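# Sharing a sequence plus its predicted fold:
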Amino acid sequence: MNIPKIAQYREMLSKYLKPQRSRVLILAVLLFGSIGLQLVSPQILRFFIDTAVQSGTQPYLTPTLPYPYQPDTTQDQLLLAAIIFILVALFQQGVSIVAVYFSENVGWTATNMLRADLAMHCMKLDMSFHHVRTPGEMIERVDTDVTQIANFFSQFVIMVLANILLLVGVLVLLFREHAVVGLVMAGFALLTMWALNKVRSYAIPAWAASREASAQFYGFLEEQLSGTEDTRASGAVPYTLRNFYRLLYDRLKSEQHAGMMNVTILSVIVMCVTVGTILSFILGFALNQTGLVTIGTVFMFVTYTNMLFRPMREITIQIQELQKAGAGIGRVYELLNIETKIPEGPGKPIPSGALTVDFDDVTFSYNNDETVLKNFDFHLQPGRVIGLLGRTGSGKTTISRLLFRLYDVKHGTIRLGGTDIRDATIRDLRQRVGIVTQDVQLFRASVRDNLTFFDPSIPDERILEALDDLGLSGWLDSLPEGLDSRLRSGGSGLSAGEAQLLAFTRVFLKDPGLVILDEASSRLDPVTEQRIERAIDKLLHNRTGIIIAHRLATVQRADEIMIIDKGTITEHDDRVKLASDPNSHFYHLLRTGLEEALA
Ligand SMILES: Nc1ncnc2c1ncn2[C@@H]1O[C@H](COP(=O)(O)OP(=O)(O)OP(=O)(O)O)[C@@H](O)[C@H]1O
Ligand SMILES: [Mg+2]
C-alpha cells in the first residue's frame, strides 16, 4: 500500500479547504460550541441532584431555616435547573444539526474539486495508461477513493481538536473537583488510548485489502457488462460466473476481516467504558462515605467519566477514518504522480490552411517488444490525399494515433506544416487535425451536443451550414426533432453510416488542415454510402487527407496510394501511375478486388 506522507495530507487540506475558509471557520465554531455545551450539562445535573437531596433530607419547614418561603425557592431552583438542562440539550442538538450541514457541505465541495482534478488529470494521460485500466477501476479511483477522503476534509482536524479539548476539559473539571479522581481518570484515559491505538494499528492493512478487493470486483463487473454480448455468444458464461463468485468470495473475506477489526476496536472501547464507570463509582462511593463529596458530585463523576469515552471513541473513529482516507490519499497521489508520456509542447504554431505531413524515419511500438511501425518515411504535399491500404493489423490506425499524439513515436519525427508535432501544444495540434475513427463515439445527448462536443458557443446556423455543406440537410430533416433529437449512449439507434456522418460534421466544424479518415469496414446501404461520398468530397476540399480505405470508391479519390505491410511501406506512389503499372501491388489489388484482399 502506498502510505501518504504528512506533507501530502497537509497539501490536500490546504489546497481544497482554503477556498472555503469561511465555511470551515463556521464549522469549527459550531463544533467547539457543541463541546462547550456538553461540558456544562453534568454541572447542572449535580446542582439538580444536590438541591433535591438537600431539600429531601432537611425538611424545609424546620425552625432553623431563616427563610419562611424556602420551599418555593428550592422548587423554583429545581425547575430552573431542569429548564436550563433541557434548553442546553436542545441547543446542543441544534448546533450539532447545523454543524452536520456545514461539514457535509465542506466535505462535498472539497471532494468534488478533487474529483474534477483527478478526472482532468486522467484525461491528460496518454492512451497507454487508459488501455491497461478498466473503466470500473477508473471509477473506483476517481470516485470511491475520493469519497473515503470526504470525512478527512470535512471533519478530521476540527473533530480531533475539538475532542482533545473535550477530553482535557473533562479531566480538568474532574481534577478541580478532587485531585485523586482527576489523576486516576487521566491515567485510565491514557491506558485506554494506548489500547485503542494498539488494536487500531492491526486494522489498517485489513481496510486497504477490502478496498482493493472491491476495486477488483468492480473492474471485473464493468468489463464483463460491456462485453456481455461476446461472452454469451462464445459460451463463456459459466467461466465468467466462476470468476464472479471468486471475486465476490475474496471481497466477502476481506470485508469480514475488516469488519472483525472494527468490532474488536468497539469491544475494547466498551470494555474500557465499563471498567471506567466501575472505577468512578468506587471512587465516588469512597469519597462520599468519608463525607468529602455530595451524591450529586458522585453522579457528576460518573457522567464525566462516561463523557470521557465519547471523545476517545470519536478520536479513534477519526483516526480510523484517517486510515481510510490515508489509503484513499495514497491512491490519489499514486494516480496524480503518473505522468503522461505525452509531454506538452512549447507551443510552436502549426500554420493555417492545408498542411504538409512528414514522417521522418518513424519507428513505433506500443509496448516496447513488438515494433508496429518500422522506419516509416513519407511526405505528403498540402492539399493532397493519400490512401493507406494494408491488411488488418498492418499499422494503419496506429499512424492516425501518432498524428493525433495519442502516442509518441519511439524514434524519428512527425511534422505537420513543418512543425514537429511535439513542439506544438496538444490543444493546437488536435485542433488542426480532424479524425474520423472506425468506431465513432456518440454521447447520450442531443444531435447538437454530439456535434459541438457540448460547446454552446457554436451557433445553430454554423451547424446547419456545416450539415448543408456536407449534403446532410436531408438526413437532418429525416430526424424527428432535428438538432434536438436525442441520441442514445453509444449511438445505438443510428446506423454505422449515420454515426460516421455525425463524425464528419464534427470534423467539418473544427475546420482542420489535415483530415484523417479511418474508414469503417462495415458495408453501408447505398443511400448512406452516397451521402458519405459527398460528405468526404466536401471534407477533403482544400485539406490534406489521409484515408484508410476499405472500399474502392474511397480509394479512387486518393491522389497517392501507400500500401503497408507489417509496419513497413511496401509501395508508395501516384495512384494513377500505380493503377496502370502491372508490376505494382496496387494494380493486382484492383484486379483481385480490393474489398476481399483487404478484409
Ligand atoms: N493499444 C494497443 N496496444 C498494443 N498493441 C496494439 C494496440 N493497438 C494496436 N496494436 C497492435 O498494433 C498493430 C497495428 O494495429 P493497427 O490498429 O494500427 O492496425 P490496422 O492496420 O489499423 O488494422 P485494421 O485494418 O484492422 O484496423 C497490431 O498488431 C495490433 O495488434
Ligand atoms: Mg485500424
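Alright, I've got the coordinates. Numbering: from 1, shown residues only. Ligands and ions are numbered 1, 2, ... in the order given.

# Quick one, grab the pLDDT at residue 348.
Residue 348 is assigned 91 on the pLDDT scale.

# And for residue 595?
pLDDT, residue 595: 61.

# wait, residue 53 sits on residue 295?
Yes: counting by Cβ atoms under 8 Å, residue 53 touches residue 295, with 5.4 Å between them. C-beta coordinates here come from the backbone N, C-alpha and C atoms, glycine included.

# Isn't residue 207 up against residue 327?
Yes: judged on Cβ under 8 Å, residue 207 makes contact with residue 327 at a distance of 6.2 Å.

# More neighbours: the two, which one.
More crowded of residue 207 and residue 327, by other Cβ atoms under 10 Å: residue 327, with 25 against 21.

# so that one is in which element?
helix 295-336 (DSSP states H and E).

# State the next helix or strand along the chain beyond that helix.
strand 357-365.

# The next helix or strand after that following strand to strand 357-365, inter-axis angle?
Counting by DSSP H and E, the element after strand 357-365 in chain order, helix or strand, is strand 371-380. With axes from the mean of the first three to the mean of the last three Cα atoms, to 10 degrees applied, the angle from strand 371-380 to strand 357-365 works out at 170 degrees.

# what secondary structure does the residue in the stretch 151-300 of the chain that ligand 1 sits nearest to sit in?
Minimum separation of the stretch 151-300 of the chain from ligand 1 (Cβ to the nearest ligand atom) falls at residue 223, amounting to 15.9 Å. Three-state assignment for residue 223 (DSSP: H, G, I helix; E, B strand; the rest coil): helix.

# Correct me if wrong: it contacts residue 134.
Yes: here residue 223 reaches residue 134: they are 4.9 Å apart, a contact under Cβ under 8 Å.

# So which of these two has more stuff around it?
Neighbours were counted for residue 223 and for residue 134 using other Cβ under 10 Å; residue 134 has more, 19 against 16.

# Could you check how far the more buried one is from residue 225?
10 Å (Cβ to Cβ, to the nearest Å).

# One more: residue 201?
38 Å.

# related to what we said a few turns ago, what helices or strands is the helix holding residue 327 leaning on?
Identification of packing neighbours for helix 295-336 by 3 or more Cβ pairs under 8 Å, 6 or more residues apart in numbering; DSSP states H and E yields helix 6-17, helix 21-57, helix 70-124, helix 145-151, helix 157-177, helix 179-226, helix 237-289.

# Would you mind writing the CA trace of stretch 78-88 as CSV?
C-alpha atoms of stretch 78-88 as CSV (Å, rounded to 0.1, in the frame of the first residue of the first chain):
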residue,chain,number,x,y,z
LEU,A,78,-35.1,22.7,40.6
LEU,A,79,-37.5,23.8,38.0
LEU,A,80,-35.0,26.4,36.7
ALA,A,81,-32.2,23.8,36.6
ALA,A,82,-34.4,21.4,34.7
ILE,A,83,-35.3,24.1,32.2
ILE,A,84,-31.7,25.1,31.7
PHE,A,85,-30.8,21.5,31.3
ILE,A,86,-33.4,20.9,28.6
LEU,A,87,-32.5,24.1,26.9
VAL,A,88,-28.8,23.3,26.8
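
# buried ones in that stretch?
For stretch 78-88, burial by neighbour count (16 or more other Cβ atoms under 10 Å) applies to 78, 81, 85, 88.

# swap in stretch 569-585?
569, 571-572, 575, 578-579, 584-585.

# In the chain, which residue is most central in space?
The centroid of the chain falls nearest to residue 142 when counting by Cα atoms, centre = their mean (1.5 Å).

# Hmm, it is touching residue 121, no?
No: Residue 142 lies out of contact with residue 121 (Cβ under 8 Å); the separation is 9.2 Å.

# what is in contact with those two at once?
Here residue 142 and residue 121 share no contacting residue, scored by Cβ atoms under 8 Å, 6 or more residues apart in numbering.

# Quick check: residues of this protein near ligand 1?
Neighbours of ligand 1 within the chain, by Cβ under 6 Å from any ligand atom: 131, 366-367, 372, 390, 392-398.

# And the furthest pair within those?
Pairwise distances across those (Cβ to Cβ) peak at 21.8 Å, for the pair 131 and 390.

# if you count what's nearby, which of those two comes out ahead?
Neighbour count, other Cβ under 10 Å: between residue 131 and residue 390, residue 390 has more, with 20 against 9.

# Please report how far residue 9 lies from residue 93.
32 Å.

# neighbour-wise, which of these two wins?
Between residue 9 and residue 93, counted using other Cβ under 10 Å, the more crowded position is residue 9 (18 against 12).

# Stretch 141-154: which residues count as buried?
For stretch 141-154, by 16+ other Cβ under 10 Å, it's 141-142, 145-146, 148-154.

# domains of this structure?
According to automatic domain parsing, the chain comprises the domains 6-336, 357-597.

# would TSV of those domains with distance to residue 345 be doable?
What follows is these, written out as TSV (distance: least, Cβ to Cβ, whole Å):
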stretch	distance to residue 345
domain 6-336	13
domain 357-597	5
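
# Backbone torsions only: list them for residue 368.
Main-chain torsions, residue 368, degrees, to the nearest 10: phi 60, psi -20.

# contacting residues for it?
Here residue 368 is in contact with no residue (Cβ under 8 Å, 6+ apart).

# Could you list the low-confidence segments of the chain?
The chain contains residues with pLDDT under 70 at 1-3, 56-72, 489-493, 520-523, 594-599.

# What spatial separation is found between whatever residue of the stretch 1-150 of the chain ends up closest to ligand 1 and residue 542?
Relative to ligand 1, the nearest point of the stretch 1-150 of the chain is residue 131 (4.8 Å; Cβ to the nearest ligand atom). Distance of residue 131 to residue 542, computed by Cβ to Cβ: 35 Å.

# One more: residue 531?
21 Å.

# So which of those two has more stuff around it?
The neighbour comparison of residue 531 against residue 542 (other Cβ under 10 Å) goes to residue 531, with 22 against 10.

# How about the contacts made by that one?
471-472, 474-475, 497, 501.

# how about the strands in the stretch 351-500 of the chain?
357-365, 371-380, 385-390, 411-416, 419-420, 433-436 (DSSP state E, counting those that start in this stretch).

# Narrow the buried residues of stretch 569-585 to those in strands?
Counting by DSSP state E, the buried residues of stretch 569-585 place 569, 571-572 in strands.

# With distance to residue 432 added, can I get the buried residues of stretch 569-585 in TSV?
Below are the buried residues of stretch 569-585 laid out as TSV (distance: Cβ to Cβ, whole Å):
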residue	distance to residue 432
569	24
571	28
572	24
575	25
578	29
579	31
584	33
585	32
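
# now, among those, which is nearest to ligand 1?
Nearest member of the buried residues of stretch 569-585 to ligand 1, counting by Cβ to the nearest ligand atom, is residue 569, at 12.9 Å.

# What does the residue nearest to that closest one when sequence neighbours are not counted show for phi and psi?
In space, and not counting its chain neighbours, residue 569 is closest to residue 562: 5.9 Å by Cβ to Cβ, 6 or more residues apart in numbering. Phi and psi for residue 562, reported as degrees, to the nearest 10, are phi -130, psi 130.
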